[in-house]
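S.K.: Here you go, sequence then predicted model.
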Amino acid sequence: MRFLLRLDLAAVRANVAHLRTRHGGDLWAIVKADGYGHGAADVGRAALSAGAVGLGVATLGEARTLRDVLPGARVMVLSPLPPGSERDAAGLDVVCSTPGSVGRLAAVPDVRIHVKVDTGMGRWGLAAEAALAAGAEAGAALAGLCSHLATAEEDDRTFTDVQVARFAAVADAFPACPRHLANSGGVLYHPAARFDAARCGIAIYGISPRDRDPATDGLLPALRWTSEVRAVRDLAAGESSGYGRRIRGPARLALVPVGYADGFPRRSVGTARILIGGQPCPVGAVAMDQLAAIVPADLPVAAGDEVVLIGPGADISDLAKAAGTIAYEVACGLRARPERGSRSVVG
């Protein structure tokens, strides 16, 4: 096996419990995109056991997959449904965020409608007056009023405060139902955004919304990504390695069978560090199926030694910063290709 993605369910449960305590209300665990690359079914099961009221996904297809493996779970579809597919939403919670969507869903049996008002994200969501009308139209199927925060992870609270005020104004005039606005950043950093429920994604995986040490936010990383040194190569002066001769000798290289097709970002070359023998080693080149790390001359290293790509001392946020992106993108891009990698679950 070339690499191992290990999911720590005890960490997921601890994070859900921590977020529920911080929020003080119901918590929906967001597991779209296969649980942000961690495994939706495993994460969802752990989150529910830790007290999450339900699970959030992006599409009807994701919802059906979850309901097959977790038949008793409440599942919320967050993205708009394609018109004509509403009949497939029976038994689900559905966020309605486009004109006419409430009317199409209200006739579906056993569906729970959450009306989404746009308070400033500027994507999906109804204007305030349209949201109030949709709340009345939903009738007995109404299950929630929601919106989404655009800048909750930022230090500047100004725009989040604006969104909270806009949401509260609509909520005051809306039919009685649970209200949910806070995402992970809202729960962790904005007490005023904590209404009846929250929808948390990135934080349940132990990743800080601010791309910093998760312990600062009371979170435990749930993912550990490891591989092994496949070979050690010494380059003499004048020799080189990799496409474009990216690495020039003299240099000592550890070749690791993980590449960008497995989710290790090529853009991180020159900045990313991985752990070999517990010591950070710069990544000098990333190809589709392998990478080369530059090993200090005094570090004992041999084929078969463990390599930590993501884990203690090699945080996913650090890798994301090295690649000029965010931890969400790195996590969602991880994949265990058959015969190259595997996943395991502990806790």
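M.R.: Thanks, I have it.
S.K.: who's in contact with stretch 320-336?
M.R.: 3, 5, 33-34, 36-38, 202, 205, 207-208, 211, 223, 225, 262-263, 265, 267-268, 271-273, 316-317, 319, 341-343 (Cβ atoms under 8 Å, 6 or more residues apart in numbering). The way it works is simple: take the backbone N, C-alpha and C, and place the C-beta from them, glycine included.
S.K.: In helices, which of those residues fall?
M.R.: Applying DSSP state H to the contacts of stretch 320-336, the entries found in helices are 33-34, 36, 316-317, 319.
S.K.: From the contacts of stretch 320-336, list just the buried residues.
M.R.: Buried positions within the contacts of stretch 320-336, assessed by neighbour count (16 or more other Cβ atoms under 10 Å), are 3, 5, 33-34, 36-38, 202, 205, 207-208, 211, 223, 225, 262-263, 265, 268, 272-273, 316-317, 319, 341.
S.K.: quick revisit: pull the most distant pair out of the ones in helices among the contacts of stretch 320-336.
M.R.: Greatest spacing in the ones in helices among the contacts of stretch 320-336, by Cβ to Cβ: Asp34 and Ser317 (19.9 Å).
S.K.: hang on, Arg13 packs against Ala50?
M.R.: Yes - contact criterion Cβ atoms under 8 Å: Arg13 and Ala50 qualify, at 4.0 Å.
S.K.: all helices in the chain, in order from the N-terminus.
M.R.: 9-23, 32-36, 40-49, 60-69, 101-106, 128-138, 158-173, 184-189, 316-322, 327-333.
S.K.: From the contact counts, what lies against the longest one?
M.R.: Yep, that's helix 158-173 we're talking about. Contacts defined by 3 or more Cβ pairs under 8 Å, 6 or more residues apart in numbering; DSSP states H and E place helix 158-173 against helix 128-138, strand 179-182.
S.K.: Which of those has the highest mean neighbour count?
M.R.: Highest mean neighbour count of the helices and strands packed on helix 158-173: strand 179-182, a mean of 27 (counted as mean count of other Cβ atoms under 10 Å).
S.K.: Can you list the buried residues in stretch 161-174?
M.R.: Buried, per 16+ other Cβ under 10 Å, within stretch 161-174: 163-164, 166-167, 170-171, 174.
S.K.: Go through the residues you listed and name the one nearest Val232.
M.R.: Gln163 (53.1 Å).
S.K.: Which residues are in contact with that closest one?
M.R.: Taking Cβ under 8 Å, 6+ apart, one finds 119-121, 147, 149-150, 181, 193 in contact with Gln163.
S.K.: hang on, Ile238 packs against Ala251?
M.R.: No, residue 238 isn't Ile; it's Gly. No - between Gly238 and Ala251 there is no contact under Cβ under 8 Å: 11.4 Å.
S.K.: Looking at the helices and strands packed on helix 158-173, spot the one closest to Pro99.
M.R.: Comparing the helices and strands packed on helix 158-173 by Cβ to Cβ, helix 128-138 comes nearest, at 6.7 Å.
S.K.: C-alpha coordinates for the closest one, CSV please?
M.R.: Below are the C-alpha coordinates for helix 128-138, written out as CSV (Å, rounded to 0.1, in the frame of the first residue of the first chain):
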residue,chain,number,x,y,z
ALA,A,128,-36.2,39.4,2.7
GLU,A,129,-39.7,40.0,1.3
ALA,A,130,-39.6,36.9,-0.8
ALA,A,131,-38.4,34.9,2.1
LEU,A,132,-41.3,36.0,4.3
ALA,A,133,-43.7,35.1,1.6
ALA,A,134,-42.1,31.7,1.2
GLY,A,135,-42.4,31.1,4.9
ALA,A,136,-46.1,31.5,4.7
GLU,A,137,-46.3,29.4,1.6
ALA,A,138,-44.5,26.5,3.1
